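Trainee: how does the following fold in three dimensions:
(2 chains)
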Amino acid sequence: MKLVSYMSQWRGIAKEAMDRTAIAVKFLCCLHITDTYFCSPTHVYGPSMLPTLNMVGDIVLVEHVSQRLGKVRHGDLVVIRSPLDPKRCLTKRIMGMEGDTVTYFDPMLGDATRVAVVPKGHVWIQGDNIFASHDSRHFGPVPYGLIQGKVFFRVWPLDCLGVPGQ
Amino acid sequence: MVVVVVVVFLFRRGLGSSKPVTAMGFRNLGLLGSFAKEGLEKAFSLGKFFCFLHVTDTYLVTFVVTSGPSMLPTIDLIPTMFFGERISTRFGKVTCGDIVIIRSPQNPRKLLAKRLVGMEDDTVTYISNPDEPDKQETIVVPKGHVWIQGDNAYKSNDSRNFGAVPYGLIQHRLFWRVWPIKGFGPFWKH
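Mentor: Numbering: from 1, shown residues only, chains lettered A, B, ... in the order given. Have a look, this model is predicted:
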């Protein structure tokens, strides 16, 4: 007798738990879709994009629509998966699309400027701070498929709110 | 008193007769509103279902259809359907000999199905031209990259042509063949 009442109590609790979990799961799914296909925030840090982005860390909004439509262009700030470490993402500027001839200068290797042609399906990325940036000048052009998204707005720190410069 | 009651009664009857006209208007609006509400609810539940499906696709398992001659005799020429999983690719557990779906470094909208022949820091010896089997070339796969090759050396556009490919371009690992039915079953490395 008591067992039956216990079971009905537990059923009620279990049902409520399932409902709450279902709502949480649906919310997370929607959040994931928005993150992957529309817009997501990212924390970027490091000296390689000075003076455009701060060294200690900025929070920027990244949109994932342009790279799917092929609308990423020369001069765009992009978040790209590192070709050397697939778990890391870099934030750099695109300095050459496929077919472009890129002239670059690496202060570590002397004063000579070098020239490279970007092959099909690849992009050339460079950090704005050429003295402290590990980019295509070191590991070569990067396949377009590694681009995760385009940076279009900075939300933190608050006094730098807006579109990152240049 | 009776007159008052009668007047009130008639008044109410009078109001009652004019009600249907406005009520019909309101009812139509109400019907439209309920249609819209139902449509919106159905759209929401469809949207929620697609979200769930997409999350499963991205993080767990998805269907993959391959076609083309570059993986003969392992995979047939005709369109073949597989299950592809993303758990091992995310945790870096893909190894030599796995067949993976990888985004083409030459055309970011194309996906290729190839076999992983070398991981990072491996030394890969390959024959760049199968018509001349004696000319072998050796290369060390750089950090963060993989070396992919199709099983059909004559008809495959792979790392022998475009070099090592960054690991980040790997999308899925194929582990189960679904269609054609006679090939249904596990698809481990063999």
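Trainee: B:Phe187: what's it in contact with?
Mentor: B:Phe82, B:Ile99, B:Leu174, B:Phe175, B:Trp176, B:Arg177 (C-beta atoms under 8 Å, 6 or more residues apart in numbering or on different chains). To be clear about C-beta, it is placed using only N, CA and C from the backbone, and glycine gets the same treatment.
Trainee: ditto for B:Gly183
Mentor: B:Asp76, B:Thr80, B:Arg177.
Trainee: pretty sure the last one belongs to a helix, no?
Mentor: No - B:Arg177 sits outside any helix when classified using DSSP: H, G, I helix; E, B strand; the rest coil, being strand.
Trainee: return the set of buried residues in the lengthiest helix in chain A.
Mentor: If you go by DSSP state H, chain A has its longest helix at helix A:2-33. Within helix A:2-33, the residues scored as buried using 16 or more other C-beta atoms under 10 Å in any protein chain shown are A:Lys26, A:Cys29, A:His32, A:Ile33.
Trainee: with adjacent residues omitted, what lies nearest to A:His134?
Mentor: Counting by C-beta to C-beta, 6 or more residues apart in numbering or on different chains, A:His134 lies nearest to A:Ser48, which is 7.0 Å off, once chain neighbours are set aside.
Trainee: pull the residues that contact stretch A:93-111.
Mentor: By C-beta under 8 Å, 6+ apart, stretch A:93-111 touches A:49, A:52, A:72-78, A:112-128, A:130-131, A:136-138, A:141, A:144.
Trainee: need the buried ones from the residues you listed selected in PyMOL.
Mentor: This is the PyMOL syntax for the buried subset of the contacts of stretch A:93-111, where burial follows 16+ other C-beta under 10 Å:
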select buried, chain A and resi 49+52+72+76+77+78+116+118+121+122+123+124+125+126+127+128+136+137+141+144
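Trainee: tell me how far B:Leu116 lies from B:Gly183.
Mentor: According to C-beta to C-beta, to the nearest Å, B:Leu116 and B:Gly183 sit 21 Å apart.
Trainee: so which bits of the longest strand anywhere in chain A are buried?
Mentor: Using DSSP state E to define each element, chain A has its longest strand at strand A:147-156. Neighbour counts using 16+ other C-beta under 10 Å place A:Ile147, A:Gln148, A:Gly149, A:Lys150, A:Val151, A:Phe152, A:Arg154 of strand A:147-156 among the buried residues.
Trainee: which residues of the chain fall in strands?
Mentor: All of this is about chain A. Using DSSP E, strands in chain A cover A:39-44, A:58-63, A:77-81, A:89-96, A:101-105, A:113-117, A:122-126, A:142-143, A:147-156.
Trainee: look at chain B instead
Mentor: Going by DSSP E, chain B shows strands at B:61-66, B:80-85, B:99-103, B:111-118, B:123-127, B:136-140, B:145-149, B:165-166, B:170-179, B:185-186.
Trainee: just put those in a markdown table and tack on mean pLDDT.
Mentor: A markdown table is the format used below for these (pLDDT from 0 to 100):
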| stretch | mean pLDDT |
| --- | --- |
| strand B:61-66 | 86 |
| strand B:80-85 | 89 |
| strand B:99-103 | 92 |
| strand B:111-118 | 92 |
| strand B:123-127 | 88 |
| strand B:136-140 | 89 |
| strand B:145-149 | 93 |
| strand B:165-166 | 94 |
| strand B:170-179 | 88 |
| strand B:185-186 | 81 |
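Trainee: mean neighbour count and distance to chain A for the ones you listed - can I get that in TSV?
Mentor: Compiled in TSV, the strands of chain B are given as follows (neighbours: other C-beta atoms under 10 Å in any protein chain shown; distance: least, C-beta to the nearest C-beta, whole Å):
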stretch	mean neighbour count	distance to chain A
strand B:61-66	16	14
strand B:80-85	20	17
strand B:99-103	23	4
strand B:111-118	22	9
strand B:123-127	14	17
strand B:136-140	12	14
strand B:145-149	24	7
strand B:165-166	26	4
strand B:170-179	20	8
strand B:185-186	9	26
